[in-house]
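Please work out how this folds:
(chains A, B, C and D)
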Protein chains: 2
Amino acid sequence: MKKTSLNDIAKTLNVSKALVSFVLNGQGDKKGIKAETQRKVLEKAKELNYKPNQIARGLRLGTSNTIGLIVADISNKFYAKIAKQVEVVAGRNNYNLIFCSSDENEEKEIELIDMLRERLVDGIIISTTQKDTKVFSRLNKEKYPYVLIDRRLSRLPANYVGVDNYAGAYEATEHLIRNKYQKIGLLKISPEGLSTIREREQGYRDALKNNGLRVNSKLIRTISFADIRQSVAEVLRELIEPPYKIDALFSVNNNITVACMEFLNGMNIRIPHDIAVVSFDDIDLFRFSFPTITAVAQPVEQIGAMAVNILLNEINGLNGEGKKQVILPVEFIRRRSAAIFSDQRENNFEINSNTE
Amino acid sequence: MKKTSLNDIAKTLNVSKALVSFVLNGQGDKKGIKAETQRKVLEKAKELNYKPNQIARGLRLGTSNTIGLIVADISNKFYAKIAKQVEVVAGRNNYNLIFCSSDENEEKEIELIDMLRERLVDGIIISTTQKDTKVFSRLNKEKYPYVLIDRRLSRLPANYVGVDNYAGAYEATEHLIRNKYQKIGLLKISPEGLSTIREREQGYRDALKNNGLRVNSKLIRTISFADIRQSVAEVLRELIEPPYKIDALFSVNNNITVACMEFLNGMNIRIPHDIAVVSFDDIDLFRFSFPTITAVAQPVEQIGAMAVNILLNEINGLNGEGKKQVILPVEFIRRRSAAIFSDQRENNFEINSNTE
DNA sequence: TTAGAATCGTTAAACGTTTAAAAAATCAGG
DNA sequence: CCTGATTTTTTAAACGTTTAACGATTCTAA
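Take a look at the predicted model:
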């Protein structure tokens, strides 16, 4: 049973499909279609359960009222939450959302961009894993609307919504230092060169320097995205032994932190007594894991909402010239994983306080 | 700058677009196009960075090489993992994936189905929140390919991939009973009537009965999906007090469990000493939360992969008549949240054993 | 030379919309 | 009942593909 088309309605009513189209698009009055005729069309459309074929519509109009979202890893809670928010805000503006996950794969990401464009998606929100500006330069040239989230590329003029990674990392690291930790490991993640990670690393480095500690590059390690769990285990096994013997750990995202927790708990290493942990990304479970985790929280909802707004404005030509760059503040949330000795800011903690 | 079309290539080479189409679709030899000509076409296509317009293609062919996935809640790890797997398997078969989240909203789900169909998606995988078979009956009538995952509708002939919810719940509940817990609360989730939840509740009820315990319907509560955290807090606040005073809790999904953990930890209620907890859905953090959580694990990857396979077969007419129904086994994973007194199966636990 | 085959290529319609432009129908006034 | 004006509706092209059907040109063999 085929779906009913404009033509079907037109034929059964003995009118032209143009007329039907006008009526169904609410242009009936403007085009001076008789009220009676309009009524009949509407009625028949309902009766036949007419649904416009968006493909045909898109082909004709060159637009689809749909935006695309490409995240680096949909199974990461951080992105999942952004996706949810993006969908909500897009829906509120009568835009549909198509979303995809690049799984941190540069090639796949390019294919996804092509795929979305081939489907006449009106614009894209993307947390890119590209190292090169090539793909986006082309989009710029073609004036295709997009906004980067989370990650950006230097020397690329582009709309961007992200957070102050540097400040977050700086504060997190300094927090460890204030609490007397000295040998602080940094766990980064592959692929190499992501802006977020670079910014966070810089925050970490500067915090050390400004507090009179030496940066030991041996303590800075990269975890493989492909197998976080195993990679973390390997790296930590080394870092907890001499000559490194770290006493604290700054993890650059929630997935790494989770893997760390599992490894350290498994080895009977006490947090924060033996090793302190602070994490970028705050996720639900950090509030009641063992121990609760001190973390840098990103304003996930805001990131999603702002990205959509900027994109829709761009699509509708309301952004004027020039790209929007939004850096949102992060929030540093103190819990129990990063302080044996409670300083004045910590000493109001209770064993099971609820942090929100 | 417009994207290049078939016509652009045809014009610059002074050939017909039909020819270009043939060559680009690998039909050049079959249609007897001169090798020389083919070469030129291919070359020019590359030079102009030609990408077929899938919208136009879809309009002509009535198919899009894309499948849709609608999950009930993308921010739930369970669904996020399924989504990832579905994308991988679909990609392996040269199908694109569009995915959406209905947020447990019946109306929105219907809109999403329409949206996907309007975009000529070739088939849909869906964890439905419909109470009514109407929507799917229509799809059946129109012979539109779809497969239900996770949740199903009684009296609806449909492809389905799910797990043995009954057995999982039964085993989980019986485990609690064997460990001497007597007043076992059951936390369900709204919306009411989901097959998964019904089956799990039945498992719980039968386990109690078959072990000589009375089912107390006052201990069976429904958590509101819209605000799990608060809803759990309200419910538990009541259940831990007289006259109920539960000593164990069976939670019907991972999100509820997470909320329970947070609440109980916050109230300084010890798990499993004061209250034991078992959960449906196993997620990473249950391995190192405090305490680690005993849970019923679903074969997430398998669910996703099988659903895709069944759908693609259906799309390509390889399924024959009749619908496929796949019920996969679950795995019960014992950890520390459900046993004060270690029985013989439990006593080989160590404080921080790694459960995988 | 010429019929027929082989080789290489084109035409035109179709998919379901939208929309500018043209056309038909109706009406009002003389 | 004719003339414009007004109201209502239709025509036809366009979006970018695919594909059945047809058309040219060249070659082969008698």
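
I'd like the mean pLDDT over the helix or strand hosting residue A:196, please.
Using DSSP states H and E, residue A:196 maps to helix A:195-210. Average pLDDT, helix A:195-210: 97.

hey, C-alpha coordinates of that helix in PDB?
The C-alpha trace of helix A:195-210 is given here as PDB (Å, rounded to 0.1, in the frame of the first residue of the first chain):
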ATOM      1  CA  SER A 195      41.900  21.300  21.600                       C
ATOM      2  CA  THR A 196      40.100  20.400  24.800                       C
ATOM      3  CA  ILE A 197      42.900  18.100  25.900                       C
ATOM      4  CA  ARG A 198      45.600  20.600  25.000                       C
ATOM      5  CA  GLU A 199      43.900  23.400  26.900                       C
ATOM      6  CA  ARG A 200      43.400  21.100  29.900                       C
ATOM      7  CA  GLU A 201      47.100  20.100  29.800                       C
ATOM      8  CA  GLN A 202      48.200  23.700  29.700                       C
ATOM      9  CA  GLY A 203      46.100  24.400  32.700                       C
ATOM     10  CA  TYR A 204      47.700  21.500  34.500                       C
ATOM     11  CA  ARG A 205      51.200  22.600  33.500                       C
ATOM     12  CA  ASP A 206      50.700  26.200  34.500                       C
ATOM     13  CA  ALA A 207      49.200  25.300  37.800                       C
ATOM     14  CA  LEU A 208      52.200  23.300  38.700                       C
ATOM     15  CA  LYS A 209      54.700  25.900  37.600                       C
ATOM     16  CA  ASN A 210      52.900  28.800  39.300                       C
END
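
For the residue of the stretch 101-250 of chain A found nearest chain B, which non-adjacent residue is closest in space?
Distances between the stretch 101-250 of chain A and chain B by C-beta to the nearest C-beta are smallest at residue A:118, namely 4.0 Å. Where C-beta positions appear, they are placed from N, C-alpha and C, glycine not excepted. The shortest distance from residue A:118 to any non-neighbouring residue, by C-beta to C-beta, 6 or more residues apart in numbering or on different chains, is to residue B:54 (4.0 Å).

and residue A:296, which of the three is it?
The three-state label given to residue A:296 by DSSP: H, G, I helix; E, B strand; the rest coil is strand.

which residues does residue A:163 bridge with?
Beta bridges link residue A:163 to residue A:328 when assigned by DSSP bridges.

can you tell me which residues contact the most centrally placed residue in chain A?
Central residue of chain A (C-alpha atoms, centre = their mean): residue A:79, 4.3 Å from the mean position. Residue A:79 is in contact with A:71, A:72, A:73, A:101, A:127, counting by C-beta atoms under 8 Å, 6 or more residues apart in numbering or on different chains.

count of neighbours near the residue of the stretch 101-250 of chain A closest to chain B?
19 (other C-beta atoms under 10 Å in any protein chain shown).

doesn't residue A:321 fall inside a helix?
No. Going by three-state DSSP, the assignment for residue A:321 is coil, not a helix.

and the gap between it and residue A:283?
Using C-beta to C-beta, to the nearest Å, we find residue A:321 at a distance of 38 Å from residue A:283.

out of those two, which sits in the busier spot?
Using other C-beta under 10 Å as the criterion, residue A:321 and residue A:283 rank with residue A:283 on top: 24 against 4.

quick revisit: specify the local secondary structure of the residue nearest to the centre of chain A.
Secondary structure assignment for residue A:79 (three-state DSSP): helix.

State the distance from it to residue B:83.
Remark: distance between residue A:79 and residue B:83 (C-beta to C-beta) = 11 Å.

elements contacting the strand or helix carrying residue A:305?
For residue A:305, the host element (DSSP H and E) is helix A:300-315. Under the contact criterion of 3 or more C-beta pairs under 8 Å, 6 or more residues apart in numbering or on different chains; DSSP states H and E, helix A:300-315 touches strand A:66-71, helix A:77-92, strand A:123-126, strand A:146-149, strand A:159-163, strand A:325-328.

Now stretch A:103-121: buried residues?
A:103-105, A:108-109, A:112-113, A:115-121 (16 or more other C-beta atoms under 10 Å in any protein chain shown).

Could you list which of those residues belong to helices?
If you go by DSSP state H, the buried residues of stretch A:103-121 have A:108, A:109, A:112, A:113, A:115, A:116, A:117, A:118 in helices.

from those, which is closest to residue B:272?
Using C-beta to C-beta, residue A:108 comes nearest to residue B:272 of those, at 43.6 Å.

got a list of what the closest one touches?
Contacts of residue A:108 (C-beta under 8 Å, 6+ apart): residue A:102.

Show the pLDDT at it.
The model's pLDDT for residue A:108 equals 92.

Also residue A:268?
88.

State the helix or strand in which it lies.
Element membership of residue A:268 [criterion: DSSP H and E] is none; it lies in no helix or strand.

Dihedrals phi and psi, it?
Residue A:268 has phi and psi values of phi 60, psi 30 when expressed as degrees, to the nearest 10.

Pull the number of nearby residues for it.
A total of 10 residues lie near residue A:268 under the criterion other C-beta under 10 Å.

Could you check how far it is from residue A:279?
Distance of residue A:268 to residue A:279, computed by C-beta to C-beta: 21 Å.

need the residues of the stretch 1-150 of chain A near DNA strand D, please.
Counting by C-beta under 7 Å from any atom of the strand, the stretch 1-150 of chain A comes close to DNA strand D at A:14-19, A:22, A:31-34, A:37, A:56, A:59-60, A:62.

again, only this time at 10 Å
Selection of the stretch 1-150 of chain A residues close to DNA strand D by C-beta under 10 Å from any atom of the strand yields A:6, A:10, A:13-23, A:27-38, A:40-41, A:55-62, A:118, A:120.

Tell me which entries of those residues lie within helices.
Among those, the members found in helices (DSSP H) are A:6, A:10, A:13, A:17-23, A:35-38, A:40-41, A:55-61, A:118.

Report whether the helix or strand of chain A with the lowest mean pLDDT contacts chain B.
When the helices and strands of chain A are scored by mean pLDDT, DSSP states H and E, strand A:96-101 comes last with a mean of 87. Yes. Contact of strand A:96-101 with chain B (C-beta under 8 Å from any C-beta of the partner chain) involves A:96, A:97, A:98, A:99, A:100, A:101.

For ChimeraX, what selects the buried ones among those?
Command for ChimeraX that selects the buried part of the residues of strand A:96-101 next to chain B, burial taken from 16+ other C-beta under 10 Å:
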select /A:96,97,98,99,100,101
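
which among the residues of strand A:96-101 next to chain B gets closest to DNA strand C?
Ranked by distance to DNA strand C (C-beta to the nearest atom of the strand), the residues of strand A:96-101 next to chain B are led by residue A:96 at 15.2 Å.

residue in the stretch 151-300 of chain A nearest to DNA strand C?
In the stretch 151-300 of chain A, the residue that lies nearest DNA strand C is residue A:159 (26.9 Å; C-beta to the nearest atom of the strand).
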